[in-house]
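> one predicted model, sequence on top.
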Amino acid sequence: MAYDHDALLAMLSRLKLTAMRDQIDNLLDEAARQEMTLREALSFLCEREIARKDERRIEMAMKIAHFPHVRDIGGFDFTAQPSVDAQQIRDLSACRWVANGESLLLLGPPGVGKTHLAIGLGREAIRQNYTVLFVTAPALVAALSKAHGDGRLEEKLGFLAKPKLLIVDELGYLPFDPNAAHLFFQLVSRRYERGAMLVTSNRSVGEWGTVFGDPVVATAILDRLLHHSHVVTIRGDSYRLREKRRSGLLQKAGPTLSDALS
């Protein structure tokens, strides 16, 4: 059978083997240099195709997740935040808690790296083939309230229930009104034991009654979030303020939010 290069490219395109198609000459040359058998060469080509598809899947999933920044666990400065157990974070990076639909709470004062860890763990979950959505608590509450007003709450709750991991950042910076608290409870209930949630907050769980404006609703939310959960409490100074303090631009104040969380 005569070799027809254009026909080969057309067949690879039809089969959607785009990595093979785009790199076929280089891949075949590499297989020849290594004196691969036909089986080895076929395995080599398939590995490259799978690697390209994984790269594209991850790239698309990262966009869909709506992370506000690019942050990875490898870039977290554990020496600057000794209250964070590096081994615990590495264990969480295995994403077994995501697979099991559990919750993770990252608690601590502003600027200690909660969002960095949340994004890093979310990106790791994507690499392990889990779907992820990142949203701030104020944006989430606004979206739920709007959907409720438009008569589309079930649709919105269904959308937010789909990702295997939902990350809710900055819970507690702004108080919820009672209606918003009930809407958030419905979301937590919808995801309970089905999808994992990661929540970052500058408030200890004992203060969530104030955050939600209703201790009963807060208790119901925490009952579900804490049933199958991991809690990481971070103590220490803000990254953003540390350098200013070192330069003498800021004087260290008295008791901090980290003290309240201890």
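Arrived safely, thanks for sending.
> what is the mean pLDDT for stretch 62-74?
Here the mean pLDDT over stretch 62-74 is 96, rounded to a whole number.
> with stretch 173-180 instead?
Looking at stretch 173-180 alone, the average pLDDT works out to 88.
> what's the answer for stretch 192-205, then?
The average pLDDT for stretch 192-205 rounds to 95.
> and the end-to-end length of that stretch?
This stretch, stretch 192-205, spans 18 Å end to end (C-alpha to C-alpha, to the nearest Å).
> in it, which residues are buried?
Of the residues in stretch 192-205, those buried under the neighbour-count criterion (16 or more other C-beta atoms under 10 Å) are 192, 195, 196, 197, 198, 199, 200, 201, 202, 203, 204, 205. In short, each C-beta sits where N, CA and C put it, glycine included.
> what residues are bridge-paired with the fourth one?
The residues listed as beta-bridge partners of residue 197 by DSSP bridges are residue 103, residue 166.
> for it, give me its contacts.
Residue 197 makes contacts with 103, 104, 165, 166, 167, 168, 188, 191, 225, as judged by C-beta atoms under 8 Å, 6 or more residues apart in numbering.
> export the buried residues of stretch 192-205 as a markdown table, with columns for distance to residue 52.
What follows is these, written out as a markdown table (distance: C-beta to C-beta, whole Å):
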| residue | distance to residue 52 |
| --- | --- |
| 192 | 37 |
| 195 | 29 |
| 196 | 28 |
| 197 | 32 |
| 198 | 29 |
| 199 | 35 |
| 200 | 34 |
| 201 | 39 |
| 202 | 41 |
| 203 | 44 |
| 204 | 46 |
| 205 | 44 |
